[in-house]
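**Q** With the sequence up front, the predicted model follows.
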Amino acid sequence: MNQTGTRNEDHGVEAIGLDGTGRVFWNLGEAALLERAVARAEGRLSDTGALVAATAPPAGPGPDDRYIVRDAASEDRVWWDGVNALDRDRFERLKADMLAHAGGRTLFAQDLRAGTGPGRRVNVRVLSEHAWHALFVRNMLFRPEAAELPGFVPELTILCAPGFRAEPETHGVRSSTVVAVDLAQGLVLIAGTLHAGEITASLFAWLAHALPDRGLLPLAGAASIGAAGDVAVFLGRPGTGTTTLATDPARTLIADGAHIWSADGIGAVAGGSHARTLGLSPDAAPALYAAVRRFGSVMENVALDPDSRVPDFDDPVPAGDARAAFPLSFLAGARAEENAGAPKHIFLLVGDAFGVLPPIARLTPAQALYHYLSGYGATPEGTEAGGEMPRATFCAGGAAAVLPCHPSVYGGLLRDLLARHAPGCWLVNTGWIGGRAGIGQRVPLALTRRLVEAALSGALDGAEFRTDPNFGFAVPTGIEGVDPRLLDPARNWPTRIDYSMTARRLVGLFSANFARFEKAVDDEVRAAQPGLAIAAE
């Protein structure tokens with residue numbers, strides 16, 4: 001292949017068997033990638049020089065499109081419950097066909113790093129068909145010094161070929177879209193999708209397999225640090241507000257999307273942020289609003305005014321999830337931290353569409369571990385006033401789709417870290433109150449910020465708490481400046497009977513989910529189950 005740019009000539013694209021008549025541009029900078037993306041009609045420029053691309057319908061890959069290669073090396077390492085397995089022969093056929101496809105095209109190669117500090121740093125090579133994908137991943141990960149590139153050898157290589165369409169009968173997959181992770185070879189194949197987030201998600205999947213053996217716990221969420229050096233971790237699924245709450249003006253964002261907790265403390269996995277932008281405004285989040293609009297940022301599925309090219313963050317464009325990727329250095333006061341010390345507070349964020357969970361609750365370490373392993377979330381699709389119930393889903397660690405090991409592996413690391421550092425643990429509901437979705441209302445962001453601030457400042461240390469009759473955790477009965485009714489979900493529902501019936505339904509869903517790995521935890525965590533709390537009353 002015709003290759004230009006600074007690279008390791010002894011360990012290039014040939015290392016994965018890539019060859020052909022195409023061209024590879026190595027380690028281009030932001031301006032060059034942006035120029036090529038626009039020239040190739042991959043995106044448009046906003047009024048401030050941010051690149052705006054569309055991932056286009058259909059939606060991104062679903063759980064059925066993500067696979068892990070199942071062979072002797074992964075058989076006993078992966079928790080196959082709910083994980084799609086791809087046998088070695090089918091993967092090798094997919095790999096050969098994708099390499100043949102990519103070998104005749106222009107590719108953009110980026111040599112980058114995930115993680116910082118000794119034992120945490122992982123060399124990552126991304127090969128993409130689209131210049132904007134290269135700019136995306138360059139924004140998201142850490143960049144080696146130019147002098148390091150001639151000797152760069154990746155531990156993980158990701159080949160992203162949206163133009164390739166997998167064949168179910170030939171490749172053993174369910175559709176033309178596929179994300180296949182080969183843990184043994186350190187190779188990820190992404191085909192049939194423009195969704196850039198699949199690149200970082202597959203990277204996190206590989207890290208979540210490799211890091212526990214090093215005594216490192218990968219976490220999905222964000223982290224911030226206060227003026228006094230106190231670290232707070234916000235764990236949760238996409239859309240629960242991890243980035244929003246971690247970017248409090250009084251604190252410094254030090255990790256977003258993913259981070260690592262070890263005996264030394266919290267460290268960033270990525271040097272960038274992939275933040276949701278729908279509804280973003282300069283009043284609600286001025287720093288974030290400014291960051292996503294800077295030159296070199298990459299916006300996905302954001303509408304532009306046809307004349308002024310000003311982004312319209314209130315337009316839910318048909319292409320789907322609206323996000324922006326940018327280096328943390330674009331965010332005023334933010335920095336990707338190598339080692340920020342152990343967290344003083346951990347917030348588990350949930351979007352409860354059932355409207356049962358309180359806006360905030362204090363957790364014991366066992367309860368924190370239980371809710372981390374449960375990874376509860378609920379979507380309101382199809383719900384209307386008096387209509388169907390929301391749909392509950394459970395993703396261990398808030399990221400089960402990309403956590404290949406058994407949840408007990410991550411739970412064991414978390415249990416030991418909680419015991420060693422004794423942080424305050426909190427459950428925060430950023431979903432609904434006063435009724436389920438379609439009946440109640442979303443928890444106001446201002447209320448959530450006030451409750452989190454009260455926990456961080458120590459204002460809740462001397463507060464009075466009640467025991468929730470359904471889940472057994474401690475709920476504050478009063479916080480200065482907050483209507484006490486908002487702290488008690490049952491008092492906000494139209495009737496207590498409706499609340500009680502919905503709560504018991506949700507408890508049953510929790511119990512049914514936890515049965516999958518109940519035997520993998522100790523008695524203390526089993527006793528933290530909400531079903532047992534009800535039976536004890």
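**A** Happy to help now that I have it. Numbers count the residues shown, from 1 in each chain.
**Q** Tell me, domain by domain, which residues of the chain belong where.
**A** 2-214, 272-330, 342-535 (automatic domain parsing).
**Q** wait, which of those is closest to residue 241?
**A** For the domains of the chain, proximity to residue 241 was assessed by Cβ to Cβ; domain 342-535 is nearest, at 4.6 Å. Yep, even glycine has a C-beta here, placed from its N, CA and C like the rest.
**Q** In the stretch 351-500 of the chain, mark out all the helices, start to finish.
**A** Assigned by DSSP state H, counting those that start in this stretch, the helices in the stretch 351-500 of the chain fall at 365-374, 407-421, 445-457, 489-492, 496-514.
**Q** just checking, what packs against the helix or strand just after the last one?
**A** What it means is helix 496-514. Next in sequence after helix 496-514, counting helices and strands by DSSP states H and E, comes helix 523-526. Helix 523-526 makes packing contacts with helix 365-374 when contacts are defined by 3 or more Cβ pairs under 8 Å, 6 or more residues apart in numbering; DSSP states H and E.
**Q** residue contacts, the closest residue to residue 365 other than its chain neighbours?
**A** Closest residue to residue 365 apart from its sequence neighbours, by Cβ to Cβ, 6 or more residues apart in numbering: residue 418 at 4.5 Å. Contacts for residue 418 (Cβ atoms under 8 Å, 6 or more residues apart in numbering) come out as 365, 368, 369, 425.
**Q** Most widely separated two among the residues you listed?
**A** 369 and 425 (8.9 Å).
**Q** buried ones in stretch 175-185?
**A** 177, 178, 179, 180, 181, 182, 183, 185 (16 or more other Cβ atoms under 10 Å).
**Q** quick check, nearest of those to residue 239?
**A** Comparing the buried residues of stretch 175-185 against residue 239 with Cβ to Cβ places residue 179 closest, at 20.2 Å.
**Q** That closest one belongs to a helix?
**A** No. Secondary structure of residue 179 (DSSP: H, G, I helix; E, B strand; the rest coil): strand, not part of a helix.
**Q** For the closest residue to it other than its chain neighbours, give me its contacts.
**A** Distances taken as Cβ to Cβ, 6+ apart put residue 66 closest to residue 179, at 4.7 Å, once the chain neighbours are dropped. Counting by Cβ under 8 Å, 6+ apart, residue 66 touches 84, 178, 179, 180, 181, 401.
**Q** Tell me the one of those residues nearest residue 146?
**A** residue 181 (29.9 Å).
**Q** Go ahead and name everything in contact with stretch 461-471.
**A** 356-358, 361-362, 473-479, 488, 503-504, 506-507, 530, 533-534, 537.
**Q** Need the mean per-residue confidence for it.
**A** On average, the pLDDT along stretch 461-471 is 93.
**Q** Could you export that stretch as PDB, CA atoms only?
**A** Only the C-alpha atoms of stretch 461-471 are listed here, as PDB (Å, rounded to 0.1, in the frame of the first residue of the first chain):
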ATOM      1  CA  ASP A 461     -23.400  13.900  57.100                       C
ATOM      2  CA  GLY A 462     -25.600  15.100  60.000                       C
ATOM      3  CA  ALA A 463     -29.000  14.800  58.200                       C
ATOM      4  CA  GLU A 464     -31.800  12.600  59.300                       C
ATOM      5  CA  PHE A 465     -32.500   9.600  57.100                       C
ATOM      6  CA  ARG A 466     -35.300   7.100  56.800                       C
ATOM      7  CA  THR A 467     -35.000   3.500  55.500                       C
ATOM      8  CA  ASP A 468     -36.700   3.000  52.200                       C
ATOM      9  CA  PRO A 469     -39.300   0.200  52.700                       C
ATOM     10  CA  ASN A 470     -38.600  -1.300  49.200                       C
ATOM     11  CA  PHE A 471     -34.900  -1.100  48.700                       C
END
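**Q** list the buried ones in it?
**A** 468, 470, 471.
**Q** Nearest spatial neighbour of the second one, chain-adjacent residues omitted?
**A** What sits nearest to residue 470 in space, not counting adjacent residues and going by Cβ to Cβ, 6+ apart, is residue 503, at 4.6 Å.
**Q** How many neighbouring residues does the one you found have?
**A** 24 (other Cβ atoms under 10 Å).
**Q** list the contacts for residue 302?
**A** 52, 277, 311, 312, 313, 315, 317, 322, 324 are the contacts of residue 302 under Cβ under 8 Å, 6+ apart.
**Q** cool, residue 524 as well?
**A** residue 366.
**Q** Report the mean confidence score over the longest strand along the chain.
**A** Taking DSSP state E as the criterion, the chain has its longest strand at strand 252-262. Per-region confidence: strand 252-262 scores 91 on mean pLDDT.
**Q** which of the residues in the particular helix or strand that has residue 346 in it are buried?
**A** Using DSSP H and E, residue 346 maps to strand 343-350. Going by neighbour count (16+ other Cβ under 10 Å), the buried part of strand 343-350 is 343, 344, 345, 346, 347, 348, 349, 350.
**Q** so how far is residue 253 from the closest residue to the second one other than its chain neighbours?
**A** If I follow you right, that is residue 344. Spatial nearest neighbour of residue 344, excluding adjacent residues (Cβ to Cβ, 6+ apart): residue 230 at 4.4 Å. Distance, residue 230 to residue 253, using Cβ to Cβ, to the nearest Å: 14 Å.
**Q** pull the helix or strand with minimum mean pLDDT from the chain.
**A** Least confident helix or strand of the chain, by mean pLDDT, DSSP states H and E, is helix 530-535 with a mean of 53.
**Q** And residue 19, how far from residue 92?
**A** 16 Å.
**Q** follow-up on the earlier one: pLDDT score for the residue nearest to residue 470?
**A** 94.
**Q** do residue 525 as well
**A** Residue 525 carries a pLDDT value of 91.
**Q** coming back round to it: is it possible to get JSON lines of the helices of the stretch 351-500 of the chain that adds distance to residue 389?
**A** Shown next, in JSON lines, are these (distance: least, Cβ to Cβ, whole Å):
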{"stretch": "helix 365-374", "distance to residue 389": "18"}
{"stretch": "helix 407-421", "distance to residue 389": "26"}
{"stretch": "helix 445-457", "distance to residue 389": "24"}
{"stretch": "helix 489-492", "distance to residue 389": "16"}
{"stretch": "helix 496-514", "distance to residue 389": "7"}
